[in-house]
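*Asks:* below are the sequence and a predicted model; questions follow.
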Amino acid sequence: MTYRSENIKSGVERTPNVSLLYALGLTKEEINRPIIGVVSSFSEVVPGHMHLDKIAQAVKEGIYAAGGTPMMFPAIAVCDGIAMGHVGMKYSLASRDLIADSTEAMAIAHQFDGIVMIPNCDKNVPGLLMAAARLNIPAIFCAGGPMLAGHLKDGRRTCLSHMFEAVGAYHAGKLDEQGVDDYTENACPSCGSCSGMYTANSMNCLTEAIGMSLRGNGTIPAPLSARIRLAKLTGMKIMELVKNNIRPKDIMTAKAFDNVEAVDMALGCSTNTMLHLPAIAHEAGIEINLSHANEISERTPNLCHLAPAGDTFMEDLDRAGGVYAVMKELAKKNLIDTSLMTVTGKTIAENIKDIENLDTNIIRPIENPYSNNGGIAVLKGNLAPDGCVVKRSAVAPEMMKHEGPARVFDSEDEAIKTIYDGKINPGDVVVIRYEGPKGGPGMREMLNPTSAICGMGLDTSVALITDGRFSGATRGASIGHISPEAASGGNIGLVHEGDIISIDITNYKIELKVSDEELAKRKAAWIPKEPKIKTGYLARYAKLVSSANKGAILE
């Protein structure tokens with residue numbers, strides 16, 4: 001077969017190109033092999049990425065063993081936890097497109113025959129999946145894996161979401177400084193993506209579910225040697241994909257996205273998946289209607305309650321059988337299409353044939369789910385005509401229906417101060433607006449205010465809605481991605497202090513109890529706010545980014 005890399009190494013006309021390959025120290029034998037790009041997201045900034053140099057080396061060894069020549073280049077990643085609560089979070093979602101664009105540039109400029117993506121944290125995973133779909137050359141993923149759960153001094157297991165909630169407990173006088181220090185020193189004990197079913201682990205699990213990685217990609221803990229073995233096998237497998245010309249769009253089909261949304265519902269993944277899956281599908285030429293998630297949710301039981309929804313962690317899911325065991329449960333009732341091809345070269349049915357659910361306390365059997373519908377719900381109403389998203393598997397039962405007065409804030413910073421000052425009352429609906437993709441710009445995560453509400457014991461009486469988004473570590477009646485956003489003239493920008501807001505998660509509704517006539521008056525008087533950032537990348541991003549219901553893609 002003819003390889004793409006022939007464009008940089010075949011014929012007298014390409015000898016100048018080849019001279020530069022020699023300059024890299026490559027031998028003639030290495031140059032004549034298929035050339036495989038290895039995208040390493042290693043950095044000394046992100047705990048989830050601090051070990052990816054080891055993963056990349058193992059991937060390269062696998063490629064060499066199978067007869068290819070690896071060429072490594074970097075991808076950036078923002079640590080959402082470190083970026084949380086300040087201007088840095090505005091760059092998190094926006095980095096997804098930088099990652100996709102820069103990977104596209106490197107892969108096409110250097111004509112790789114195949115590519116191995118090594119991501120781990122929140123926007124790094126979908127950014128590389130977007131690039132894989134856009135490039136549509138043979139590709140496979142090997143993530144860095146989840147962090148181990150932490151242990152407090154009294155032996156209780158803990159994680160990052162507990163850490164953020166500890167801050168709220170401190171402000172409520174429920175935890176002293178020594179208690180906060182216990183969480184601070186023990187919540188994040190190892191390398192890897194944070195240990196609950198937060199955004200990074202959600203996306204790594206869904207990468208496995210959609211068929212773009214080998215078994216264990218989403219769940220094998222980062223510090224385990226099994227993760228190194230997985231990396232070597234991934235390096236070997238890319239050579240099969242190149243040989244057989246199996247490409248991402250052969251795997252990431254419309255039916256595959258239906259599958260992955262079903263697994264999303266069963267696992268109880270982060271609400272951020274409702275931003276990333278439409279964006280990835282868009283790159284694959286597939287349009288996902290946000291409301292379609294409710295159709296899948298209605299028929300898909302929620303089988304897992306990992307942190308923040310429960311007190312189990314990614315290492316427990318791995319021990320129970322991982323993503324494949326969840327898919328095996330769904331397959332029992334034909335809730336996924338098992339005929340689809342994956343990067344293993346086999347169908348899903350072949351992949352899960354011999355898989356067992358090894359712990360029914362971690363992965364509930366399909367006959368005994370946590371709930372008969374999925375972990376995520378999309379709500380609509382006059383406050384969000386184009387939809388908004390809630391992780392209902394992490395909502396207290398008493399908050400599935402709620403009605404209360406709006407407490408309105410035009411930024412996260414204003415809201416968090418009021419929450420910490422103890423000025424939010426049981427029954428309130430906290431409204432944080434002008435934090436959407438355009439209005440932020442960059443659609444900040446609201447983990448600080450949601451964690452403060454939970455840590456202060458208000459999670460069973462206070463709801464929070466925003467045109468921003470949430471960390472996967474968020475729990476409670478936290479409703480994000482309100483579309484259209486305030487900066488685009490959405491009705492969330494017309495809410496007044498004290499307006500009554502009605503939330504009905506069970507029936508997928510969210511309503512502002514204000515007449516159409518009054519809303520029309522407010523709309524006529526509404527004046528757009530000046531952009532918060534007028535220069536640099538975020539200014540350009542704000543001009544191009546779509547609404548959250550479309551996945552915050554650049555148009």
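*Replies:* In hand now; what should we look at?
*Asks:* and the nearest residue to Val242 once chain neighbours are set aside, what is it in contact with?
*Replies:* Nearest residue to Val242, sequence neighbours excluded (Cβ to Cβ, 6 or more residues apart in numbering): Gly114, at 4.2 Å. (C-beta placed from N, C-alpha, C; glycine too.) By Cβ atoms under 8 Å, 6 or more residues apart in numbering, Gly114 lies in contact with Pro34, Ile36, Gly37, Gly68, Ile137, Pro138, Ala139, Ile140, Ile238, Met239, Leu241, Val242.
*Asks:* likewise Ser193?
*Replies:* If you count contacts by Cβ under 8 Å, 6+ apart, then Ser193 has Gly48, Asn120, Cys121, Ala143, Gly144, Gly145, Pro146, Met147, Ala200, Asn201, Asn204, Ala222 around it.
*Asks:* related to what we said a few turns ago, export the contacts of Gly114 to a markdown table and tack on secondary structure and pLDDT?
*Replies:* Putting those into a markdown table (DSSP: H, G, I helix; E, B strand; the rest coil; pLDDT from 0 to 100) gives the following:
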| residue | secondary structure | pLDDT |
| --- | --- | --- |
| Pro34 | coil | 98 |
| Ile36 | strand | 98 |
| Gly37 | strand | 98 |
| Gly68 | coil | 98 |
| Ile137 | coil | 98 |
| Pro138 | coil | 98 |
| Ala139 | strand | 99 |
| Ile140 | strand | 99 |
| Ile238 | helix | 99 |
| Met239 | helix | 98 |
| Leu241 | helix | 98 |
| Val242 | helix | 98 |
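*Asks:* show the pLDDT at the residue nearest to Val242.
*Replies:* Note on Gly114: pLDDT of 98.
*Asks:* bridging residues for it?
*Replies:* Counting by DSSP bridges, Gly114 is bridged to Ile36.
*Asks:* ok, it to Ser515 distance?
*Replies:* Gly114 sits 59 Å away from Ser515, going by Cβ to Cβ, to the nearest Å.
*Asks:* same check, this time on Lys529
*Replies:* Taken as Cβ to Cβ, the span from Lys529 to Ser515 is 25 Å.
*Asks:* which one's more surrounded, these two?
*Replies:* Taking neighbours as other Cβ atoms under 10 Å, Lys529 and Ser515 compare with Lys529 leading, 13 against 9.
*Asks:* surely the more buried one touches Tyr434?
*Replies:* Yes - counting by Cβ atoms under 8 Å, Tyr434 is a contact partner of Lys529 at 6.2 Å.
*Asks:* can you pull out the strands in the stretch 401-550 of the chain?
*Replies:* Assigned by DSSP state E, counting those that start in this stretch, the strands in the stretch 401-550 of the chain fall at 401-409, 429-432, 463-466, 478-483, 500-504, 509-512.
*Asks:* just how off-centre is the second one within its chain?
*Replies:* So that's strand 429-432. In this view, strand 429-432 has its centroid 23 Å away from the chain centroid, taken as Cα atoms, centre = their mean, to the nearest Å.
*Asks:* that strand pairs with which strands?
*Replies:* strand 401-409 (parallel), strand 463-466 (parallel).
*Asks:* repeat for the fifth one
*Replies:* When sheet partners are counted by DSSP bridges, strand 500-504 sits next to strand 401-409 (antiparallel), strand 509-512 (antiparallel).
*Asks:* for the stretch 151-300 of the chain, what spans make up the helices?
*Replies:* 160-171, 177-186, 199-210, 225-244, 248-251, 254-267, 273-283, 292-299 (DSSP state H, counting those that start in this stretch).
*Asks:* so what touches the last one?
*Replies:* Which is helix 292-299. By Cβ under 8 Å, 6+ apart, helix 292-299 touches 258, 261-262, 265, 274, 335, 373-378, 508.
*Asks:* thinking again about what came up before, closest to Pro16 out of the strands paired with strand 500-504?
*Replies:* Pro16 sits nearest to strand 401-409 of all the strands paired with strand 500-504, at 59.3 Å, using Cβ to Cβ.
*Asks:* for the closest one, which positions count as buried?
*Replies:* For strand 401-409, the neighbour count (16 or more other Cβ atoms under 10 Å) marks His402, Gly404, Ala406, Arg407, Val408, Phe409 as buried.
*Asks:* tell me the bridge partners for the fourth one.
*Replies:* With DSSP bridges as the criterion, the beta-bridge partners of Arg407 are Val430.
*Asks:* tell me which element Gly387 falls in.
*Replies:* strand 384-390 (DSSP states H and E).
*Asks:* report the buried residues of that strand.
*Replies:* So for strand 384-390, counting by 16+ other Cβ under 10 Å, buried means Ala384, Asp386, Gly387, Cys388, Val389, Val390.
*Asks:* and the angle from that strand to helix 292-299?
*Replies:* Put simply, strand 384-390 runs at 50 degrees to helix 292-299, going by axes from the mean of the first three to the mean of the last three Cα atoms, to 10 degrees.
*Asks:* going by contacts, tell me the helices and strands next to strand 384-390.
*Replies:* Judged by 3 or more Cβ pairs under 8 Å, 6 or more residues apart in numbering; DSSP states H and E, strand 384-390 is in contact with strand 377-381, strand 478-483.
*Asks:* got the contact list for the first one?
*Replies:* It stands for strand 377-381. Taking Cβ under 8 Å, 6+ apart as the rule, strand 377-381 contacts 274, 290-291, 293-294, 297, 386-390, 392, 479, 503-505, 508-512.
*Asks:* buried ones among the residues you listed?
*Replies:* 274, 290, 293-294, 297, 386-390, 392, 479, 503, 505, 508-512.
*Asks:* how close does the most centrally placed residue in the chain sit to Val12?
*Replies:* Nearest to the geometric centre of the chain sits Thr199, at 3.6 Å (Cα atoms, centre = their mean). Taking Cβ to Cβ as the measure, Thr199 falls 50 Å from Val12.
*Asks:* could you do Met252 as well?
*Replies:* Taking Cβ to Cβ, one finds Met252 at 39 Å from Val12.
*Asks:* these two: which has the busier surroundings?
*Replies:* Remark: of Met252 and Val12, Met252 carries more neighbours, 26 against 7, as counted by other Cβ under 10 Å.
*Asks:* so who does the closest residue to the more buried one other than its chain neighbours touch?
*Replies:* Once flanking residues are discounted, Met252 sits nearest to Ala284: 4.7 Å by Cβ to Cβ, 6+ apart. For Ala284, the contact set (Cβ under 8 Å, 6+ apart) comprises Ala133, Pro248, Lys249, Met252, Thr253.
*Asks:* wait, what's in contact with the fourth one?
*Replies:* Meaning Met252. Leu129, Ala132, Ala133, Ile210, Gly211, Met212, Ile280, Ala281, Ala284, Ile286.
*Asks:* most neighbours among those residues, which one?
*Replies:* Ile280 leads the contacts of Met252 on contacts (other Cβ under 10 Å) with 35 neighbours.
*Asks:* how much space between that residue and Met443?
*Replies:* Taken as Cβ to Cβ, the span from Ile280 to Met443 is 17 Å.
*Asks:* what does Leu129 give?
*Replies:* For Leu129, the distance to Met443 - Cβ to Cβ - is 19 Å.
*Asks:* ok, Asp337 next?
*Replies:* Relative to Met443, and taking Cβ to Cβ, Asp337 is found at 32 Å.
*Asks:* over to Val12?
*Replies:* The gap separating Val12 from Met443 is 51 Å, by Cβ to Cβ.
*Asks:* same question, Lys153
*Replies:* 37 Å.
*Asks:* and these two? which has more neighbours close in?
*Replies:* Met443 (28 against 11).
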